[in-house]
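A.B. asks: When you get a sec, could you give me coordinates for this:
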Amino acid sequence: MTEKPVLGRTAIWTLVIVSVASFMAALDNLVVTTALPSIREELGGGLSDLEWTVSAYTLSFAVLLMFGAALGDRFGRRRIFLVGLAIFTAGSAGAALSPEIGELIAARAVQGVGAAVMMPLTLTLLTAAVPEAKRGMAFGIWSGVSGLAVAAGPLIGGSLTEHFSWQWIFWVNVPVGLVLLPLAFRRLGESRGADRALDVPGTALVSLGMFGVVLGLIRGNPDGWTSPLVLGALIGGAALLAAFVRYEQRGAAHPMLPMRLFRSRTFSAVNAASLLMYLGMFGSIFLISQYLQGVGGYSPQEAGIRMLPWTAMPLLVSPIAGIVSDRIGGRPIVVAGLALQAVGLALFGLVADGGGFDYAAQVPVIVICGIGMSLYFGPTAQLVMASVRPKEQGIASGANNALREVGGALGVAVLSAVFSAQGGYQSAQAFADGLVPALYVGAAAVGAGALAAVLIPRRRKAAAGPAAGAAVAAGAATGQPVADRAGAGRV
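C.D. replies: Here you go, the predicted model:
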């Protein structure tokens, strides 16, 4: 009887290190939002300065994810992960020490650079360290921790600001980073992607293109969607991304994102589902956290506590979802998760309709949203990594994370635009008038993500016997994607 593979010491250390690093990087997406009033009171600055305090991190994070993955593939994933972690830690210290709002914005951008370099490599390092049969469980834990960080950002930021000071939302990263650096150096294994030159033109095109699109999305609401800056950024960014696709298809000797990856139905469908999921989820959390404070009358910390039925679910459900995906495949779990998330957002809209506030009625809906989000996280990572060749997993991870960030920026922009058009902050009724249609739009986006996930091919059962073993061995020797060997990656 063949023994089932178990997680060894190296795999456990890798899981712990990359999960903690991912938690820090994901946390800083939203942790600053509840600290903005305190930051404005101490450092001054107008509304646009406070918006850039949030956006500087998201912008640099999103546009450099692909470049960070490419650097890891070329120069060594552990080495570049350490560089990214050091930059992120230094940026956190710089943010905590900032004497003026301009320095804080610059430090937030540095944080985003470090996060963009290390974040896509966490998944690649974990894939290399964990046996294939146990990756679902490992990805579930990694994804659950990352998802918890995103959703719990307002709670952690509000608690630290309320009980200590706003600087502590950045100081808390420093000792963690200083502990992780020597641990990562000693415990992580080194790996590389294809040994080839960096695709400098492709990197420049995709980075500038992403910069334009994300900048346009971030500035759309405050500056107006028809302003020269927003239109120029969106049109220019889209044109550069189109040029990137054409260059990667026809002109790149060593493309940073081989377009043939999108021939895999798994890769294309999972990335489409990820973008739509983050569009609906990020935008909804952004508005619901304000709803709990502005209409429910809770403090930032109290609002975060009341989001725990949503935010704590990834720690409980994602590891289980990952284990089940090892047995039945990730497709049905991802589809179910996205469907539950869509239903939960729509039900929250129904509960909030009318302008009243009833937290007891919200709890079951929040639980549904949390379970749906948790089911999505772990199997998605497994599907992405299995849909490409081992040497392309860094780029695949970078692409998936970049699309998630773009989806999050798009979600905040689109749902905020719907909210502003239909309601506002004048009263509880006005807030509900804007929140309800915005949540319906978010639910529709996540529902579309569920439909995209349906297109993921079902996992075929492996044939028993020596022939199957020989086929798997041949696939591994040729570097063929795992999903394609199982019949799950082709159109």
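
A.B. asks: Please enumerate the helices of the stretch 51-200 of the chain.
C.D. replies: Secondary structure of the stretch 51-200 of the chain (DSSP state H, counting those that start in this stretch): helices at 77-96, 101-129, 135-163, 168-171, 173-187, 200-223.

A.B. asks: Over to the stretch 351-491 of the chain?
C.D. replies: 359-386, 393-422, 428-454, 466-478, 482-485.

A.B. asks: so which of those gets nearest Leu275?
C.D. replies: Nearest to Leu275, of all the helices of the stretch 351-491 of the chain, is helix 393-422, at 4.0 Å by CB to CB. Yep, even glycine has a C-beta here, placed from its N, CA and C like the rest.

A.B. asks: Next, the angle from that closest one to helix 101-129.
C.D. replies: Angle of helix 393-422 versus helix 101-129, following axes from the mean of the first three to the mean of the last three CA atoms, to 10 degrees, is 140 degrees.

A.B. asks: Between helix 135-163 and helix 393-422, find me the angle.
C.D. replies: 50 degrees.

A.B. asks: Dump the helices of the stretch 351-491 of the chain to TSV, plus mean neighbour count and mean pLDDT.
C.D. replies: Shown next, in TSV, are the helices of the stretch 351-491 of the chain (neighbours: other CB atoms under 10 Å; pLDDT from 0 to 100):
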stretch	mean neighbour count	mean pLDDT
helix 359-386	25	85
helix 393-422	24	77
helix 428-454	22	92
helix 466-478	11	34
helix 482-485	22	44
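
A.B. asks: any chance of those in TSV, with distance to Arg260 too?
C.D. replies: Shown next, in TSV, are those (distance: least, CB to CB, whole Å):
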stretch	distance to Arg260
helix 359-386	16
helix 393-422	12
helix 428-454	20
helix 466-478	15
helix 482-485	11
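
A.B. asks: measure stretch 299-310 end to end?
C.D. replies: 18 Å (CA to CA, to the nearest Å).

A.B. asks: can you list the weak-confidence ranges in the stretch 101-250 of the chain?
C.D. replies: The stretch 101-250 of the chain contains residues with pLDDT under 70 at 147, 150-151, 193-197.

A.B. asks: distance of Pro300 from Leu36?
C.D. replies: 10 Å (CB to CB, to the nearest Å).

A.B. asks: Which one of these two is surrounded by more residues?
C.D. replies: With neighbours defined as other CB atoms under 10 Å, Pro300 and Leu36 compare such that Pro300 has more, 23 against 19.

A.B. asks: Leaving out chain neighbours, which residue sits closest to the more buried one?
C.D. replies: Gly158 (2.8 Å; CB to CB, 6 or more residues apart in numbering).

A.B. asks: Dump the helices of the stretch 51-200 of the chain into JSON lines; add mean neighbour count and distance to Arg263 as well.
C.D. replies: What follows is the helices of the stretch 51-200 of the chain, written out as JSON lines (neighbours: other CB atoms under 10 Å; distance: least, CB to CB, whole Å):
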{"stretch": "helix 77-96", "mean neighbour count": "22", "distance to Arg263": "25"}
{"stretch": "helix 101-129", "mean neighbour count": "25", "distance to Arg263": "21"}
{"stretch": "helix 135-163", "mean neighbour count": "24", "distance to Arg263": "23"}
{"stretch": "helix 168-171", "mean neighbour count": "22", "distance to Arg263": "43"}
{"stretch": "helix 173-187", "mean neighbour count": "16", "distance to Arg263": "35"}
{"stretch": "helix 200-223", "mean neighbour count": "20", "distance to Arg263": "18"}
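
A.B. asks: For Phe23, find the nearest of the ones you listed.
C.D. replies: helix 135-163 (4.4 Å).

A.B. asks: Report the angle between the closest one and helix 359-386.
C.D. replies: 130 degrees.

A.B. asks: by contact count, what packs against helix 135-163?
C.D. replies: Contact here means 3 or more CB pairs under 8 Å, 6 or more residues apart in numbering; DSSP states H and E; on that basis helix 135-163 packs against helix 9-27, helix 101-129, helix 168-171, helix 265-294, helix 300-306, helix 308-311, helix 313-328, helix 359-386.

A.B. asks: closest to Ala56 out of these?
C.D. replies: helix 101-129 (4.1 Å).

A.B. asks: what's the angle from the closest one to helix 77-96?
C.D. replies: 160 degrees.

A.B. asks: and the angle for helix 101-129 with helix 9-27?
C.D. replies: 150 degrees.

A.B. asks: Renumber starting at 599 from here on
C.D. replies: Sure thing, new numbering starts at 599, so read that last one as helix 699-727.

A.B. asks: quick one on the thing from earlier: mind putting the helices and strands packed on helix 733-761 in TSV, distance to Leu945 included?
C.D. replies: Shown next, in TSV, are the helices and strands packed on helix 733-761 (distance: least, CB to CB, whole Å):
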stretch	distance to Leu945
helix 607-625	26
helix 699-727	32
helix 766-769	32
helix 863-892	12
helix 898-904	16
helix 906-909	13
helix 911-926	16
helix 957-984	5
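
A.B. asks: what about Leu936, distance to Gly738?
C.D. replies: According to CB to CB, Leu936 and Gly738 sit 16 Å apart.

A.B. asks: again, but for Ile703
C.D. replies: Relative to Gly738, Ile703 is positioned 36 Å away (CB to CB).

A.B. asks: again with Thr651
C.D. replies: Between Thr651 and Gly738 the computed distance is 33 Å (CB to CB).

A.B. asks: Over to Gly606?
C.D. replies: 18 Å.

A.B. asks: Val811 now?
C.D. replies: 31 Å.

A.B. asks: hang on, the earlier thing: among the helices of the stretch 949-1089 of the chain, which is nearest Pro773?
C.D. replies: Pro773 lies closest to helix 991-1020 among the helices of the stretch 949-1089 of the chain, at 25.4 Å (CB to CB).

A.B. asks: Which residue lies nearest the spatial centre of the chain?
C.D. replies: Against the mean C-alpha coordinate of the chain, by CA atoms, centre = their mean, the closest residue is Arg1002 at 4.8 Å.

A.B. asks: ok, that one - contacts?
C.D. replies: 872-873, 876 (CB atoms under 8 Å, 6 or more residues apart in numbering).

A.B. asks: for those, which one is nearest Glu698?
C.D. replies: Relative to Glu698, and with distances defined as CB to CB, the nearest of the contacts of Arg1002 is Tyr876, at 32.3 Å.

A.B. asks: show me what contacts the closest residue to the closest one other than its chain neighbours?
C.D. replies: Nearest residue to Tyr876, sequence neighbours excluded (CB to CB, 6+ apart): Gly1005, at 3.3 Å. Going by CB under 8 Å, 6+ apart, Gly1005 touches 872-877, 880.

A.B. asks: Relative to Pro826, which of those is nearest.
C.D. replies: Among those, and counting by CB to CB, the member closest to Pro826 is Leu877, at 25.5 Å.

A.B. asks: Distance-wise, check the closest one relative to Ala1036.
C.D. replies: Applying CB to CB, the value for Leu877 to Ala1036 is 12 Å.
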